[in-house]
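**Q** Got a predicted structure plus its sequence, pasted below:
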Amino acid sequence: MDKGCHLSVLVDLSPSQWHLSAQAGLPLDSFLAQLLAFLNAHVASKHENTLAVFGAFPGKSLNLYSSTDPTPDTQVIDPNSYPPFKLVDSTIVTRIMEEFDDLGDPPEEAPTSLVSALTKALCYINRVNLPLTSTSNKRVDGLDPAILPDPRILILSVSPDLSTSYIPIMNAIFSAQKLASFFPSPQDPI
């Protein structure tokens with residue numbers, strides 16, 4: 001049986017940095033359109049693939065979408081779109097817009113919580129890949145570890161690096177190595 005791939009995507013959603021990015025030629029709406037196409041391609045490439053998207057907002061981070069979450073019963077059926085793609089697209093865009101509305105217009109924007117989003121992604125991956133039981137080669141939930149998805153983490157950031165987050169990010173990378181997560185380089189296929 002083919003193994004799937006779990007992809008956790010961390011998106012920097014700092015309004016001030018996206019404003020600067022829009023002036024340089026990449027507005028948030030254009031970026032989101034490209035990101036959603038990429039996420040849908042990941043979901044479509046193999047049935048076993050899973051996806052989680054985390055948003056790093058100023059001062060907080062949260063899970064925007066997870067393929068392991070139950071599907072809402074109130075999803076509107078659109079005959080012109082593939083339902084899994086519509087679910088990914090609408091869930092992510094709705095959650096981002098809700099958070100932007102809640103942010104308001106603070107006098108000074110807090111730094112993005114990229115470290116917090118990375119930590120949440122690692123916790124999510126750890127939860128999905130439950131530890132093996134000590135008496136067998138089966139996971140606690142009875143699934144064979146040979147068919148667990150390979151975890152990958154992709155970070156998309158427009159904010160400049162902060163020296164205060166260097167050590168926490170390096171610690172998270174070391175933890176990811178221990179979990180056997182994979183941070184792709186530009187040459188690696190995702």
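**A** Received, thanks.
**Q** Packing partners of the longest helix seen in the chain?
**A** For the chain, the helix that runs over the most residues, judged by DSSP state H, is helix 83-103. Counting by 3 or more CB pairs under 8 Å, 6 or more residues apart in numbering; DSSP states H and E, the packing neighbours recorded for helix 83-103 are helix 28-45, strand 50-57, strand 60-66. Where you see a C-beta, it was placed from the backbone N, CA and C, and this is true even at glycine.
**Q** hey, which of those is tucked in deepest?
**A** strand 50-57 (a mean of 24; mean count of other CB atoms under 10 Å).
**Q** returning to that earlier point: can you check which of the helices and strands packed on helix 83-103 gets nearest to residue 83?
**A** Taking CB to CB, helix 28-45 is the member of the helices and strands packed on helix 83-103 nearest to residue 83, at 11.3 Å.
**Q** relative to strand 50-57, how tilted is that closest one?
**A** Put simply, helix 28-45 runs at 160 degrees to strand 50-57, going by axes from the mean of the first three to the mean of the last three CA atoms, to 10 degrees.
**Q** Helix 28-45: how far from the chain's middle?
**A** In terms of CA atoms, centre = their mean, to the nearest Å, the gap separating the centre of helix 28-45 from the centre of its chain is 12 Å.
**Q** and that helix, what's its mean pLDDT?
**A** In this model, helix 28-45 carries a mean pLDDT of 95.
**Q** now for the one helix or strand residue 7 maps to, which elements pack on it?
**A** Element membership for residue 7, per DSSP states H and E: strand 5-12. If contacts are counted by 3+ CB pairs under 8 Å, 6+ apart, strand 5-12 sits against helix 28-45, strand 50-57, helix 114-128, strand 150-156.
**Q** Reformat those as JSON lines; add distance to residue 162.
**A** JSON lines is the format used below for the helices and strands packed on strand 5-12 (distance: least, CB to CB, whole Å):
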{"stretch": "helix 28-45", "distance to residue 162": "21"}
{"stretch": "strand 50-57", "distance to residue 162": "12"}
{"stretch": "helix 114-128", "distance to residue 162": "8"}
{"stretch": "strand 150-156", "distance to residue 162": "14"}
